[in-house]
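Asks: Have a look at this prediction, sequence included:
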Amino acid sequence: MNRSYYWLVFAISIPAFLWLVPTIWMVSLSFQPNDVLARTTSTTGLGLIPIPFTPDNYIALFQFGQVPMWFFNSLIVSAGMTLAVLAVSTTAGYALARLDFPMKGPIVVLCLIGLMVPEQAVFIPLYTMFADWGWHNSYHALIMPRVAVPIGVFLMMQFFKAVPRDIEEAARIDGVGWLQIFWYVMLPLARPAMMTLAILTFLYAWNDYLWPLVSAQQREFFTITLGLASIQSNFAQAEGLGRVMASGVIASLPVVVLFLIFQRYVVRAMTAGGTKG
Amino acid sequence: MPQHQAKRLALSQRQAALILLLPFMVVYGLFLVYPFFNGVWISLHDWNLMAVAFNPDAKAFVGLQNYERVMWGRNITWGAFASPALQVIGLLGMLASFLLYRSGRAGRVTAIAMGLAALLLFVLPGFHPGEGGRWYDRRFWPTVGNTILFVGLAVPGVTITAMLLAAALNGETRAKAVLRTLFFLSQVLSVTVVTLIWQIMFSPRQGLLANVTELLGGSPIVWLTAEGFAMAAIVIATIWWSLGIAMILFLAGLQDISQDLYEAGALDNATGAKAFWYITLPNLKRTITVVVVLQIILHFQVFGQSHLMTNGGPNDTTQVLVRYIYQTAFRDSELGRASAMAVFLFVIMGAFSILQFVLGREKDE
């Protein structure tokens, strides 16, 4: 801890603050009255300090408007997708990592190829398929396409491969069946990996924009991410700048809180998702 | 549990595997494998979204015609210097990748990938409509060009910023951890929040940037509707948004560099910037390649920034490939042509994914 260290920290604090400015600005604008913002956004300290202060934007958001409903939709879709992904990924990941069965190699390769298919390469056929089934404007239509992405299977497979074999073998000698080993022995061990996968999936579900834009045409089935996109094009006129910014803050709150609490897992999840999917 | 009873109830390994694998394989087949092939099939048809919705037989098999209508034109010729700037860069790139490989500054896979990219840069811009000819789809190649320009600006921007930050913030102290958190924070926001913030940041009437410019006595730039500035604006927003993952990957790469190297370097008076140039950079080569490939894959799929901040404008200068696919499919109802473009996108993404996979394998060995 010498002088050059403090200089370094000080020097980087300036860009770090600038990096935060856009976020601070959103929060600050969300606490200012719309009629003032309609005249100027340069209120106190370039608008970075919320004076004049008002909580009205948030109150209005929860009284009228569809933001609470979109928020609720996002919660259901994100939670549902997370549970579904965990269910299919842990089971398939365990089978591919630890069990012997015919055609195992080709199945692993088939899944690996699936990692290369981007969402944009399948969203048109998915759209026509769901249209034929009458699935659009439903929660399962928003959830299912992501459950098919094999990234979770790979994360879990890699985890299970690293678990020492003797734990399983001890249980086998005692005559415990494979499904019981999976459920009672392996799953409890896999909690950290499942946590990483859960956060990766939740963030993806909460932030996904393209597929909800295509699939959810009725406003009642918008997610908050999609809803926010639908009100930002005419923000100044219809809703008032402060209220749109308040919607943005509400839309970000769950992911930011998740990040601040589980920072380690979030970082791990996002880098795992980035490098492998 | 008595032994004989367990044996009777227990499933064989194959049965257990079947039960455990089946849920995923069904979902995978139904919502990824089948749609993928279905997408290729749609791309071989003249398929109008509305017409087929009302009458499932209103589609016609046209073979590769959609691909021709999207990517080709009448009287297309190739010239070595049809688009000199890009093609010269391509030639120089091929030379550079060869020299980098020979001098040992780049690994084989990196050199081959760079060389191939440079070769494509030399060959592809050479195609142009000859006399009396024209592209069948005037917007497709410019859109691909915009996407490549976006990637070409965003990827170096993110990579260099992230690398410098990681080098400065590598360490176990509390202050550095807090600073890392601040820089990573924007990464968890959704694309619509990011575009919401930056749309208003860039607004010439209400924007923070305009407020600052006015305070300094200048006249605000009309960022999002001015040609030349619009692409810069979405690149800035993107760098702000997606710096975090790159920074974390660089931090992981820095952890792998042995401290002994720096101590040895310090004996030779290599500290600070010198140490970064001669010790950190050469040892980060692999991480840099991984980050660059990852970012290319990520940013080639750009959609929200263009769709929400600039609507592809002004004058199509920020129109990107995914947005063009989206519009062709869902605004113009031309599913056949849109699917052909989606297959094109898949081929490019697939090439980079294979590269990423090969690089990952190299590391494991």
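Replies: That came in fine, so what should we check first? Numbering: from 1, shown residues only, chains lettered A, B, ... in the order given.

Asks: Name the residues of stretch B:265-283 that are buried.
Replies: B:265, B:270, B:275-276, B:279-280 (16 or more other CB atoms under 10 Å in any protein chain shown). For glycine as for every other residue, the C-beta is placed from the backbone atoms N, C-alpha and C.

Asks: Counting only helices, which of those residues make the cut?
Replies: By the criterion of DSSP state H, membership of the buried residues of stretch B:265-283 in helices covers B:265, B:275.

Asks: Which one of the buried residues of stretch B:265-283 is nearest to residue A:79?
Replies: Taking CB to CB as the measure, residue A:79 lies nearest residue B:280 of those, at 42.6 Å.

Asks: what about the closest one, distance to residue A:192?
Replies: Remark: distance between residue B:280 and residue A:192 (CB to CB, to the nearest Å) = 31 Å.

Asks: ok now stretch A:71-88, how far from the chain's centre?
Replies: What separates the centre of stretch A:71-88 from the centre of its chain is 10 Å, taken as CA atoms, centre = their mean, to the nearest Å.

Asks: which of the buried residues of stretch B:265-283 has the weakest pLDDT?
Replies: Among these, residue B:270 carries the lowest pLDDT, at 78.

Asks: Please list the residues of the stretch 101-250 of chain B that sit near chain A.
Replies: Neighbours of chain A within the stretch 101-250 of chain B, by CB under 8 Å from any CB of the partner chain: B:165, B:168-169, B:173, B:175-176, B:179, B:181-193, B:195-201, B:206-208, B:211-212, B:214-215, B:240, B:244-245, B:248-249.

Asks: Which ones among these lie within strands?
Replies: Of those, none are assigned to strands by DSSP state E.

Asks: Of these, keep whichever come out buried.
Replies: The neighbour count (16+ other CB under 10 Å) marks B:165, B:168-169, B:175-176, B:179, B:182-193, B:195-201, B:206-208, B:211, B:240, B:244-245, B:248-249 as buried among those.

Asks: who's in contact with the closest residue to residue A:20 other than its chain neighbours?
Replies: Leaving aside its chain neighbours, residue A:20 sits nearest to residue B:182 (5.8 Å; criterion: CB to CB, 6 or more residues apart in numbering or on different chains). Residues in contact with residue B:182 (CB atoms under 8 Å, 6 or more residues apart in numbering or on different chains) are A:16, A:19-20.

Asks: same check, this time on residue B:53
Replies: residue A:131.

Asks: Contacts only, for the closest residue to residue A:88 other than its chain neighbours.
Replies: Spatial nearest neighbour of residue A:88, excluding adjacent residues (CB to CB, 6+ apart): residue B:24 at 4.0 Å. Residue B:24 makes contacts with A:88-89, A:91-92, A:150, A:153, as judged by CB under 8 Å, 6+ apart.

Asks: 10 Å - rerun?
Replies: Applying CB atoms under 10 Å, 6 or more residues apart in numbering or on different chains, we find residue B:24 in contact with A:85, A:87-93, A:95-96, A:107, A:111, A:147-148, A:150, A:152-153.

Asks: Could you do residue A:99 as well?
Replies: Residues near residue A:99 by CB under 10 Å, 6+ apart: A:178, A:182, B:13-18, B:20-21.

Asks: do residue A:219 as well
Replies: Applying CB under 10 Å, 6+ apart to residue A:219 gives the contacts A:66, A:69-70, A:137, A:226-227, A:230.

Asks: Could you tell me which of the contacts of residue B:182 count as buried?
Replies: The neighbour count (16+ other CB under 10 Å) marks A:16, A:19 as buried among these.

Asks: okay, the contacts of residue B:182 in CSV with secondary structure next?
Replies: Listed next are the contacts of residue B:182 as CSV, based on DSSP: H, G, I helix; E, B strand; the rest coil:
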residue, secondary structure
A:16, helix
A:19, helix
A:20, helix
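
Asks: can you redo the contacts of residue B:182 as TSV with pLDDT and distance to residue A:273?
Replies: Putting the contacts of residue B:182 into TSV (pLDDT from 0 to 100; distance: CB to CB, whole Å) gives the following:
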residue	pLDDT	distance to residue A:273
A:16	91	25
A:19	92	22
A:20	92	24
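
Asks: which of the contacts of residue B:182 lies closest to residue B:355?
Replies: Nearest to residue B:355 among the contacts of residue B:182 is residue A:19, at 30.6 Å by CB to CB.

Asks: Now for residue B:258: which residues touch it?
Replies: Contact analysis of residue B:258 by CB under 10 Å, 6+ apart lists B:264, B:279, B:283.

Asks: Have a look at chain A and report its longest helix.
Replies: helix A:67-98.

Asks: Report the buried residues of it.
Replies: Across helix A:67-98, burial judged by 16+ other CB under 10 Å covers A:67, A:70-71, A:73-75, A:77-78, A:80-82, A:84-86, A:88-98.

Asks: Closest to the centroid, which residue in chain A?
Replies: residue A:203 (1.1 Å; CA atoms, centre = their mean).

Asks: For my notes, confirm that one occurs in a helix.
Replies: Yes: when three-state DSSP is applied, residue A:203 is found to be in a helix.

Asks: Assign a three-state SS to residue B:81, would you?
Replies: Here residue B:81 is recorded as coil under three-state DSSP.

Asks: Now do the closest residue in space to it that isn't next to it in sequence: how many residues are near it, please.
Replies: Of all residues not flanking residue B:81 in the chain, residue B:87 sits nearest, at 6.2 Å (CB to CB, 6+ apart). Counted with other CB atoms under 10 Å in any protein chain shown, the neighbours of residue B:87 add up to 19.

Asks: Could you double-check that residue B:87 sits in contact with residue B:123?
Replies: Yes: look at residue B:87 against residue B:123 with CB atoms under 10 Å: they come within range, at 8.4 Å.

Asks: okay, and the common contacts of the two?
Replies: With CB under 10 Å, 6+ apart as the test, residue B:87 and residue B:123 both reach residue B:80.

Asks: How is chain B partitioned into domains?
Replies: B:78-135, B:141-333 (automatic domain parsing).

Asks: related to what we said a few turns ago, what pLDDT is listed against the residue nearest to residue B:81?
Replies: 87.

Asks: Just the element for it, please.
Replies: Per DSSP states H and E: residue B:87 is located in helix B:84-102.

Asks: ok, then the element right after that helix?
Replies: Next along from helix B:84-102, by DSSP H and E: helix B:108-123.

Asks: Give the next helix or strand downstream of that following helix.
Replies: By DSSP H and E, the next helix or strand past helix B:108-123 is strand B:127-135.

Asks: Remind me what that following strand packs against, helices and strands.
Replies: Contacts defined by 3 or more CB pairs under 10 Å, 6 or more residues apart in numbering or on different chains; DSSP states H and E place strand B:127-135 against helix B:65-71, strand B:73-78, helix B:140-169.

Asks: buried sites along the longest one?
Replies: It stands for helix B:140-169. Under 16+ other CB under 10 Å, the buried positions of helix B:140-169 are B:140-141, B:143-148, B:150-151, B:153-155, B:157-159, B:161-163, B:165-169.

Asks: now swap in the second one and tell me
Replies: Applying a neighbour-count criterion of 16+ other CB under 10 Å, one finds residue B:73 buried in strand B:73-78.

Asks: Which strands and helices lie in contact with that strand?
Replies: Strand B:73-78 packs on strand B:127-135, going by 3+ CB pairs under 10 Å, 6+ apart.
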